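1. Take this sequence and fold it.
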Amino acid sequence: MASRVRDTLIGLMDGMTNSHQTTFLTNKVGGDPDWPPLIAPQSPRCGVCGAPSAHVVQVYCPLEASPYHRTLHLFACSRSDCSGRSEAWSALRSQSLEPADTSGRPAPHQEAPPPATDWCSSADDWGTVDDGWEEVVEQKVQVQEQTALQTEVSQMDVSRGLQHLSLDESKDINIYRPFFISVVEESDLCEDEDLGHAQELLREYERREGVAVGGLQGASRTEEEKYEKTRARHGDAVFSRFMKTISVCPQQILRYHRGGKSLFVSEPPSNMGQLVPACVSCGGPRTFELQLMPALVSLLQTKEGSSETELEFGTVLVYTCTNSCWSSGSDSAVEEFCFVQADPDQKLFK
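-> Numbering: from 1, shown residues only. Predicted coordinates:
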């Protein structure tokens with residue numbers, strides 16, 4: 001079992017990918033999914049209407065002390081009447097080891113991937129490919145050259161798996177404009193130099209909603225008690241807590257805290273623990289890992305600029321296998337669980 005992240009990590013919109021090369025090590029929104037070596041591409045479909053799903057988010061999230069690279073891909077039906085339902089979303093987890101050295105020489109010592117607390121740290125220079133990735137690519141080519149037959153068989157399997165997706169249907173898959181995701185620790189946003197702006201945003205929300213939600217981190221106990229006893233104009237205390245939490249950084253598009261506490265935008269079902277199913281691969285329990293935030297909605301635009309395909313959601317919570325189970329040599333991603341809550345006040349994020 002991987003160690004828990006000590007602090008919540010906040011994902012923010014960064015620059016467009018444009019002509020920059022992206023790989024499965026890249027954290028990004030939109031575009032085509034980048035699959036790890038030897039992992040067969042997958043094209044999920046909406047569990048509500050059956051339409052092909054669009055790629056929404058790609059997160060590279062290796063676990064501490066694990067030898068595997070680890071990437072999560074989130075897909076969703078781009079129809080607004082579907083995207084607010086959990087069945088319309090898919091989360092696929094793929095893992096891969098460093099490609100093996102087939103030269104006969106002893107394998108060099110491999111350091112474990114960075115812990116989850118370093119999420120996105122390898123993507124500081126978005127416009128270049130680091131030396132480590134060049135080695136991965138070079139080793140991958142060597143493996144492919146010496147296992148041509150296996151590659152051919154794998155490609156045949158992929159082709160059979162995609163036979164249900166006709167050329168006409170592929171044209172209906174929306175591709176969102178891709179941009180990189182940068183990351184900061186939530187605790188860093190509460191430094192004095194940033195707190196003033198956050199407080200101003202919070203006060204603006206209070207004036208608009210007619211509710212006092214108290215101060216941010218470092219607020220007095222009196223302020224906290226005032227918040228706990230105050231109910232929002234719409235009577236939704238859960239939503240008020242949600243707004244208070246994100247007021248430090250309203251533009252956040254993603255929150256990552258594997259094993260941490262999820263942030264609900266509205267009252268969750270009383271049987272939430274029972275709604276999260278066991279891992280489809282190993283049968284073990286799942287744990288919360290990340291969630292998409294309302295600010296992402298307005299940033300999702302198709303390359304054609306169509307406004308008819310806008311996703312609608314309050315938050316999308318992703319729960320993954322606690323043990324992050326994986327069969328060595330597997331070429332198929334593992335499906336994880338998404339729970340979607342509608343936004344009770346979507347206009348606040350437009």
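2. rest of the way, CA atoms for contacts and neighbours
-> Will do.
3. Tell me the secondary structure of V238, please.
-> Applying DSSP: H, G, I helix; E, B strand; the rest coil to V238 yields a three-state assignment of helix.
4. check contacts around it.
-> Applying C-alpha atoms under 8 Å, 6 or more residues apart in numbering, we find V238 in contact with 264-267.
5. Any buried residues in stretch 320-328, and which?
-> Within stretch 320-328, the residues that count as buried by 16 or more other C-alpha atoms under 10 Å are 320-322, 324-326.
6. now stretch 53-70
-> 53-64, 66-70.
7. what's the span of that stretch from first residue to last?
-> Criterion C-alpha to C-alpha, to the nearest Å; first-to-last residue distance in stretch 53-70 is 22 Å.
8. ditto for stretch 48-59
-> Per C-alpha to C-alpha, stretch 48-59 runs 25 Å from first to last residue.
9. before we move on, the earlier item: quick one: which of the contacts of V238 has the most company?
-> The most neighbours of any of the contacts of V238, using other C-alpha atoms under 10 Å, belong to V265, which has 25 neighbours.
10. For the nearest residue to that residue once chain neighbours are set aside, give me its contacts.
-> Computed as C-alpha to C-alpha, 6 or more residues apart in numbering, the closest residue to V265 that is not its neighbour in sequence is F239, at 5.1 Å. Neighbouring residues of F239 by C-alpha under 8 Å, 6+ apart: 264-267, 344.
11. and if you look at I39?
-> 94, 330-333.
12. which secondary structure element contains it?
-> Using DSSP states H and E, I39 falls within no helix or strand.
13. ok, now T71?
-> Going by DSSP H and E, T71 is part of strand 69-76.
14. Quick one: list the elements packing against that strand.
-> strand 54-60, strand 89-96 (3 or more C-alpha pairs under 8 Å, 6 or more residues apart in numbering; DSSP states H and E).
15. Kindly reformat the ones you listed as a markdown table containing distance to C46 and mean pLDDT.
-> As requested, the helices and strands packed on strand 69-76 are exported to a markdown table (distance: least, C-alpha to C-alpha, whole Å; pLDDT from 0 to 100):
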| stretch | distance to C46 | mean pLDDT |
| --- | --- | --- |
| strand 54-60 | 9 | 97 |
| strand 89-96 | 7 | 97 |
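16. Out of those strands, which gets nearest to R255?
-> Nearest of these to R255, taken as C-alpha to C-alpha: strand 54-60 at 11.2 Å.
17. now that closest one against strand 69-76, angle please.
-> 160 degrees (axes from the mean of the first three to the mean of the last three C-alpha atoms, to 10 degrees).
18. now for strand 54-60, which elements pack on it?
-> strand 28-29, strand 69-76.
19. For the shortest one, enumerate the helices and strands it packs against.
-> On a contact count with 3+ C-alpha pairs under 8 Å, 6+ apart, strand 28-29 meets strand 54-60, strand 179-185.
20. The last one - which strands sit beside it in the sheet, and in what orientation?
-> Pointing back at strand 179-185 there. Here strand 179-185 has these sheet partners by DSSP bridges: strand 9-16 (antiparallel), strand 28-29 (antiparallel).
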